[in-house]
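In: build me a model:
(one chain, ligands or ions: 1)
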Amino acid sequence: MTQAMTLAANHDAATTAELDARAKAILRGNDRGGYTVPTEGLYPYQWNWDSAFAAWGFAAFDLDRAWVELETLFSGQWANGMVPHILFHREDAGYFPGPDVWGAGETIPSSGISQPPVAATMARAIFERDPQAGAPRMAPLYDKLLAWHRWFYQHRCESGACCITHPWESGRDNAPDWDGALKGIDTSNVGPYTRRDTSHVNPDMRPTKRDYDCYITLVQFGRACDWDEAEILANSPFRVADPTMTFILLRAHRDLKWLGTTLGHDTTEIDGWIAELEAGVESLWNDDVGVYDARDLRSGELAGSPSNASFLCWYAGVSSPKTEARLARILSKVTYGVPSYDPEGPLFDHMRYWRGPVWGMMNTMIGMGLADAGLTDLATQVRDDTAALIADHGFAEYFSPLDGTPAGGGTFTWTAAVWLGWASPSAQKGA
Ligand code: GLC
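Out: The predicted structure is shown next:
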């Protein structure tokens with residue numbers, strides 16, 4: 001039994017009820033009326049994959065509110081099918097870069113990029129809680145999800161892997177996966193700007209100034225292209241195939257196909273997308289490092305980054321015995337798995353955002369995949385680690401995998417959601 005599992009075992013039912021109540025209060029507290037902010041202050045808008053997790057968390061106690069969350073997210077969908085990574089429902093001066101910098105959005109001001117498509121998977125989970133009540137909500141949402149997935153196929157899939165055109169699109173903003181591809185970006189014309197993230201939380205836990213200059217330069221580039229996908233793909237200084245996107249999209253296609261079949265639709269188009277990703281995903285395997293890796297599509301080079309994205313393979317229905325051994329080894333090196341970067345890797349930084357810390361929602365997808373693959377011991381370990389982490393250190397944005405120190409924003413929506421949907425002993429009873 002790991003230290004984290006012992007801690008988890010010590011939590012009694014009263015503590016579970018208390019934690020469940022805190023998690024619900026966090027979701028209610030971050031509810032801005034139809035959508036949930038990730039956390040007060042640091043992230044004051046609707047974020048795409050955060051919202052999909054929020055919907056799933058709400059489903060544990062308020063199914064109607066769960067559907068509303070997804071419906072609001074898709075109300076910002078572009079005509080080309082894209083669902084933006086941020087919807088700026090209401091202006092907030094405490095956030096940078098805001099709607100004036102992105103210059104994008106159709107029905108609602110938005111960012112110009114997307115985020116990992118967990119929504120179909122969460123929609124299926126919500127639907128399955130009560131198919132009869134869910135059917136009238138699911139039917140219109142299905143068409144919107146299908147259009148979004150088609151957008152991914154048309155504008156982000158290349159040789160069977162899904163790429164990103166901005167590190168923020170991956171949801172793993174400053175992961176070492178992007179370091180190589182960002183190196184060549186000329187940031188000399190970025191101009192003056194004021195970051196807001198470092199006024200909310202400790203700068204040592206956030207991306208560096210050079211990272212941020214690259215992020216803003218890429219936003220400026222997209223805007224100069226008027227967010228035209230063809231032009232961005234052809235000329236952007238950044239285009240990287242991403243294991244997070246590829247695995248999450250593959251899983252989401254499978255869940256969308258299930259929904260389509262259940263609703264009586266022809267899903268042949270989705271079958272084609274699934275086949276292409278299944279065949280292409282191995283192009284991300286890096287045999288030297290022993291992980292599914294990011295690949296710079298401009299240079300063809302693999303990043304050599306042992307990140308937790310590799311452990312999403314089972315979530316996508318891809319089996320990988322070598323990856324099982326790697327995960328078991330990493331879990332033995334930390335108190336709370338799964339760290340976002342291998343603790344034995346050269347760039348491990350236990351408190352800096354996506355360069356070492358552990359994230360509850362990544363653990364959820366990894367754990368769900370392990371359970372689906374029948375890898376019960378590893379699945380249990382990941383879930384128990386996550387439960388202990390939250391029980392002992394609260395509902396923070398992310399945590400040190402070494403000692404659980406909470407970092408980033410506190411009272412975080414997706415941490416509360418994954419507690420309610422998966423990590424809490426009460427969710428496990430219901431599972
Ligand atoms: C950060 C995370 C991203 C998340 C957003 C809001 O940018 O890297 O994954 O969606 O915050 O929580």
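In: contacts for stretch 91-102?
Out: 41, 43-45, 86, 88, 105, 109-112, 193-197, 200, 216, 219, 223 (C-beta atoms under 8 Å, 6 or more residues apart in numbering). Heads up, the C-betas are built off the backbone N, CA and C, glycines and all.
In: helices of the stretch 1-150 of the chain, residue ranges please.
Out: 3-9, 13-30, 48-58, 63-74, 99-102, 119-129, 131-155 (DSSP state H, counting those that start in this stretch).
In: just to revisit the earlier point, would you mind checking the contacts of stretch 91-102 for buried ones?
Out: 41, 43-45, 86, 88, 105, 109-112, 195-197, 200, 216, 219 (16 or more other C-beta atoms under 10 Å).
In: so which of those residues reach the ligand?
Out: The residues of these that also fall near the ligand, by C-beta under 6 Å from any ligand atom, are Tyr43.
In: coming back round to it: the ligand: which of the helices of the stretch 1-150 of the chain is closest?
Out: helix 48-58 (4.7 Å; C-beta to the nearest ligand atom).
In: confidence-wise, which of the helices of the stretch 1-150 of the chain is weakest overall?
Out: With a mean of 50, helix 3-9 has the lowest mean pLDDT of those.
In: which of the residues in stretch 141-157 are buried?
Out: 141-142, 144-149, 151-153, 155-157.
In: can you check stretch 299-306 too?
Out: For stretch 299-306, by 16+ other C-beta under 10 Å, it's Leu302, Ala303, Gly304, Ser305, Pro306.
In: quick check: mean pLDDT of it?
Out: 98.
In: what does that stretch rub up against?
Out: 175-181, 240, 284, 286, 288-291, 293-296, 326, 341-342, 345, 347.
In: now, which of the residues you listed lie close to the ligand?
Out: The subset of the contacts of stretch 299-306 within reach of the ligand, by C-beta under 6 Å from any ligand atom, is empty.
In: okay, and which of those map to strands?
Out: Secondary structure defined by DSSP state E assigns Val240, Asn286, Val291, Arg295, Asp296 of the contacts of stretch 299-306 to strands.
In: any idea what the third one is bridged to?
Out: Note on Val291: beta-bridge partners by DSSP bridges are Asn286.
In: contacts only, for it.
Out: Counting by C-beta under 8 Å, 6+ apart, Val291 has contacts Trp285, Ser305, Pro306, Ser307, Ser310, Thr323, Arg326.
In: ranking the residues you listed by neighbours, who comes first?
Out: Per-residue neighbour counts (other C-beta atoms under 10 Å) across the contacts of Val291 peak at Ser307, which has 30 neighbours.
In: beta partners for that one?
Out: Residues in beta-bridge contact with Ser307 (DSSP bridges): Tyr341.
In: dump the residue contacts of it.
Out: Arg172, Ala175, Pro176, Asp177, Pro243, Val291, Ala294, Ser340, Tyr341, Asp342, Trp354.
In: hmm, 10 Å instead?
Out: 172, 175-177, 242-244, 291-294, 338-342, 345, 347, 354-356, 362 (C-beta atoms under 10 Å, 6 or more residues apart in numbering).
In: same deal with Gln46?
Out: 32, 34-38, 54, 69, 72-73, 75-76, 84-90, 108, 110.
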